[in-house]
Every structure is written in structure tokens, then in C-alpha cells.
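**Q** Coordinates only, no sequence provided:
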């Protein structure tokens, strides 16, 4: 059975990264001090700035300057938080990635492994999802951005563990 045109244009990529710091700590960094991310991941993120709103407020618009596959890029997003489930959703608004995708949303969820609530020193997982809709069928899926996000989480995790 052949894929429909909509299926060829829209999609979702998923990955998991094992965390060595607690899921609660990683979520807290992403929600409350993402402006410090460049100090944790200098090879990937050069700056994160608030464009509209407050750092930890639902609906805040942030502007990212980052390096993906050796190329400096920018990304403007509106962020949503779900504290109970430790989910951060970045809804793409503008930037380099939006030249290829009509819809580009990145979802991070930080979950505990096994029993427990992810506080303290418990390790966990970062579940990563990219929801996308290509501007046309010739655009590749955002695999390079999933690779970028995976590397970013691994580097930030190692830095958070080292800083503990």
C-alpha cells in the first residue's frame, strides 16, 4: 500500500537518551535556566535569549543561536511546559529550520527509570520527539536535527553530572 501525500510530508522522529543526572534536575535546567545551556553545551548552543515573556513561563518566545553539522543557525520558538510530566515542547516559529518545515516541534520528556519519581540522584531517560511537516515532499526528514538534539542532551547531561 502506497503512502499518501500527507504521510510523505508529515512525520515524527523519536529517540531516547539515557540520563546520568536525575530527570528532575535536567527538566529544571531546561525550564528555569536554559540561558545557561551554552555553558553546558558550547559546541552546540551559543546563545538562548528571551524574545517575549519570562524564562520559565508557559508561552514564552525564545531565540536560539546554535551550530548544527558545523553550520551556525537560528531558531525562534514558543515554549510549553508540563511540570507534572516533565515535558518541554518547543513550537517552531521562525529560523533556519522553518525554511524546510511548515511545522517543526521538539518535545523533550524527562522520565525516571524504574520505580521512583526522578528526584535526587535517580537516573532516567530523555525521550525526544520531533513532529514535523515538510514544505514539500523533496525535503528530507529532520534527521540531522534529531542527531543534533541527541548530542546536545548527552553533552548537557555530562556537564550536569560533572557540576554536581
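**A** Yep, that arrived. Everything numeric here is computed off the predicted structure, so don't read it as measured data. Numbers count the residues shown, from 1 in each chain.

**Q** elements contacting the helix ranked longest in the chain?
**A** Criterion DSSP state H: the longest helix present in the chain is helix 143-163. Packing partners of helix 143-163 (3 or more C-beta pairs under 8 Å, 6 or more residues apart in numbering; DSSP states H and E): strand 10-19, helix 23-32, helix 37-40, strand 61-68, strand 101-112, strand 124-134. Heads up, the C-betas are built off the backbone N, CA and C, glycines and all.

**Q** what separates it from the chain centre, distance-wise?
**A** Taking C-alpha atoms, centre = their mean, to the nearest Å, one finds helix 143-163 lying 10 Å from the centre of the chain it belongs to.

**Q** Start the count at 35 instead of 1 going forward.
**A** With the count now opening at 35, the last piece we talked about shows up as helix 177-197.

**Q** Please identify the buried residues of that helix?
**A** 179, 180, 182, 183, 186, 187, 188, 189, 190, 191, 193, 194 (16 or more other C-beta atoms under 10 Å).

**Q** where in the protein is pLDDT low?
**A** Confidence mapping of the chain against pLDDT under 70 gives the ranges 35-41, 148-156.

**Q** picking up where we left off before, now render the helices and strands packed on helix 177-197 as TSV, adding mean neighbour count and distance to residue 113.
**A** Below are those laid out as TSV (neighbours: other C-beta atoms under 10 Å; distance: least, C-beta to C-beta, whole Å):
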stretch	mean neighbour count	distance to residue 113
strand 44-53	15	19
helix 57-66	20	9
helix 71-74	18	13
strand 95-102	18	6
strand 135-146	19	10
strand 158-168	20	15
